[in-house]
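Undergrad: Build me a structure from this.
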Amino acid sequence: MSKRAIPKTREKNQVIASIVGAFIRQEGFLVLGHRNPDDDCIASQVAFALLVRKFAKPVSIYLGPRIHEHFQYLLDICRYNGIPVVQPTDILKTKVDTLVLCDTPKPAMIEANEEVQGLLHTRRLLRIEIDHHLGSDSEYFGDPGYRLVTEASSASELVGQILLWLRRRPALLAQFNIQDLVSRNIVLAVVTGIIGDSRMGLLLKSEREKRSYRTFSNLFNNLLARTTVGEANFSDMKQVYQEIQKQSESEAACLEYFLQRRRQEGRVGYCFLGDRDSARLAREFDRDTVIAAARSVADSLAEQSGWLGLVCYCDPPGDDQLVQFRLRRSRRYKNFDLRQVLDLFGFRDGGGHEGAIGFRLPREGISSLSDYVNSLVTGIDEASRRPAGSDASRR
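TA: Reported below is the predicted structural model:
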């Protein structure tokens, strides 16, 4: 069946709602694209994977054997956000229950090795499709209700529409402790795809496409203006790549700053940044970089320990300064619902799901932060060792 545009906005929003429901419900995503991928294909894959990571779910991207060097910054974004990039000689390391296809006119064009081909023929997997190629030489891949296939400047723009849909639902974001939905990296990925397919907007035809381009270009420039001096407008892709390279170097340094402070207590691998270290963190790195790094480090610590990973740091000093916590569970460890930690310690400002939570506390209410974190780590370690289903008394 040839692909056709979604006729009504209400119907498109229903598809987006179904895809977001998959973020919440499903447990392992593999994002695919077409052979010889272009800017929009790789950018939309990365942008979609970053959205999945906002919900702290495992996601990998599959790419072919030869990727042009100017896409390296997109692969760096994946690395800094805990998104494995799988290539033909690699073996998938996580369970997959959801396949996502981006920017690919028909299934015959999918880039896939033998293992991925096997998944493509597995009927029990959920299939999601993001594409803007319509007409006679096209064919659907996604399951009905999960096909975000319609008119757009690019597949990346369609991922951006999911982003904007989520932005209008603060209660949902709060439920899953998503504080950084419109982060720099996801906007960079979306804009990369849009400007790559439209040559900096020159090939856009409809007013709707131009309006969408302006929306994400403005987001891009506003986010970059936080960390650049002077104007943050760009006239060509070379300038975009140069700016992104600067940001990639900053993200690598931020990850290393956290990891230099890693420790282990029982089942809990953790990084703790006290007041002085946190103040330096805030001086040297912007908020988006810190949040992305904290999430990635918590994931890494969980996988290294085989159990749990915890990151703790303080917001910049101020009247309402908070201490931020990110707690993740290893993908191999399924016997401890992390939401129990919120109940056990009486945390009210936080949320997440069984495998990943975040919470925060007022800094002024904690006299000795190091003592508090040590007690918290011990309590989490002890709680994780209790038999599943046992009652945990409040501390």
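Undergrad: Show me which residues of the strand or helix carrying Val377 are buried.
TA: Using DSSP states H and E, Val377 falls within helix 369-385. By neighbour count on 16 or more other Cβ atoms under 10 Å, the buried set for helix 369-385 is 369, 372-373, 376-377, 379-381, 383-384. Bear in mind the C-beta positions are built from the backbone N, C-alpha and C, glycine included.
Undergrad: Tell me which two of these sit farthest apart.
TA: Taking Cβ to Cβ as the measure, the buried residues of helix 369-385 reach their widest spread between Leu369 and Ser384, a distance of 22.3 Å.
Undergrad: What helices and strands are in contact with the host helix or strand of Tyr313?
TA: Taking DSSP H and E as the criterion, Tyr313 maps to strand 308-314. Contacts defined by 3 or more Cβ pairs under 8 Å, 6 or more residues apart in numbering; DSSP states H and E place strand 308-314 against strand 268-272, helix 275-284, helix 287-305, strand 322-329, helix 369-385.
Undergrad: per-residue confidence averaged over the second one?
TA: Helix 275-284 shows a mean pLDDT of 94 in the predicted model.
Undergrad: The shortest one now?
TA: For strand 268-272, the per-residue pLDDT values average out at 97.
Undergrad: now that strand against strand 322-329, angle please.
TA: Per axes from the mean of the first three to the mean of the last three Cα atoms, to 10 degrees, the angle that strand 268-272 makes with strand 322-329 is 160 degrees.
Undergrad: least trustworthy helix or strand in the chain by mean pLDDT?
TA: helix 207-225 (a mean of 68; mean pLDDT, DSSP states H and E).
Undergrad: ok now do Leu301, which residues does it touch?
TA: Leu301 makes contact with 262, 269-271, 308-311, 328, according to Cβ atoms under 8 Å, 6 or more residues apart in numbering.
Undergrad: actually Gln264, not the one I wrote
TA: Shown in contact with Gln264 (Cβ under 8 Å, 6+ apart): 270, 305.
Undergrad: Direction included, what does the helix or strand containing it pair against?
TA: Using DSSP H and E, Gln264 sits in strand 262-265. Sheet pairing of strand 262-265 (DSSP bridges) gives strand 268-272 (antiparallel).
Undergrad: now what about the strand it pairs with, what contacts it?
TA: Outside strand 268-272, the residues that touch it by Cβ under 8 Å, 6+ apart are 258-259, 261-264, 297, 301-302, 304-305, 307-313, 370, 373, 377, 380-381, 384.
Undergrad: before we move on, what about stretch 328-340?
TA: Residues outside stretch 328-340 that contact it (Cβ under 8 Å, 6+ apart): 56, 58, 94-95, 295, 298-299, 301-303, 305-310, 327, 352-357, 383-384, 388, 392.
Undergrad: quick one: buried residues of it?
TA: Counting neighbours by 16+ other Cβ under 10 Å, one finds that the buried residues in stretch 328-340 are 328-331, 333, 336, 338-340.
Undergrad: Over the strand holding Gln264, what's the mean pLDDT, rounded is fine.
TA: Strand 262-265 shows a mean pLDDT of 95.
Undergrad: before we move on, what about stretch 321-336?
TA: 91.
Undergrad: returning to that earlier point: for the contacts of Leu301, which one is nearest Val15?
TA: Nearest to Val15 among the contacts of Leu301, with distances taken as Cβ to Cβ, is Arg328, at 29.7 Å.
Undergrad: Next one: that closest one from Leu369, what distance?
TA: With distances taken as Cβ to Cβ, to the nearest Å, Arg328 is found 21 Å from Leu369.
Undergrad: With Leu322 instead?
TA: Applying Cβ to Cβ to Leu322 and Leu369 gives a distance of 12 Å.
Undergrad: do Thr9 as well
TA: Thr9 is 49 Å from Leu369, by Cβ to Cβ.
Undergrad: Then Phe359?
TA: 15 Å.
Undergrad: For the residue nearest to Asp277 when sequence neighbours are not counted, grab phi and psi.
TA: Distance criterion Cβ to Cβ, 6 or more residues apart in numbering; nearest residue to Asp277, sequence neighbours excluded, is Arg261 at 6.9 Å. With angles defined as degrees, to the nearest 10, Arg261 sits at phi -110, psi 20.
Undergrad: Pull the number of nearby residues for Arg261.
TA: The tally of other residues near Arg261 (other Cβ atoms under 10 Å) stands at 16.
Undergrad: Please apply the same query to Lys12.
TA: Lys12 is flanked by 18 other residues according to other Cβ under 10 Å.
Undergrad: who's in contact with stretch 118-126?
TA: By Cβ under 8 Å, 6+ apart, stretch 118-126 touches 22, 26, 30, 96-99, 107, 110, 112, 143, 146.
Undergrad: chain center to that stretch, what's the gap?
TA: 24 Å (Cα atoms, centre = their mean, to the nearest Å).
Undergrad: So which bits of it are buried?
TA: Across stretch 118-126, burial judged by 16+ other Cβ under 10 Å covers 120, 125-126.
Undergrad: pLDDT of it, averaged?
TA: 94.
Undergrad: do the same with stretch 82-101
TA: Taken as a whole, stretch 82-101 has an average pLDDT of 91.
Undergrad: Which of the contacts of stretch 118-126 ranks first by neighbour count?
TA: Using other Cβ under 10 Å as the neighbour test, these are led by Leu30, with 25 neighbours.
Undergrad: I'd say it and Leu92 touch.
TA: Yes: counting by Cβ atoms under 8 Å, Leu92 is a contact partner of Leu30 at 7.1 Å.
Undergrad: Mutual contacts of the two, please.
TA: 60, 86, 116.
Undergrad: circling back to that earlier point, nearest to Glu69, of the helices and strands packed on strand 308-314?
TA: Closest of those to Glu69 is helix 287-305, at 23.1 Å (criterion: Cβ to Cβ).
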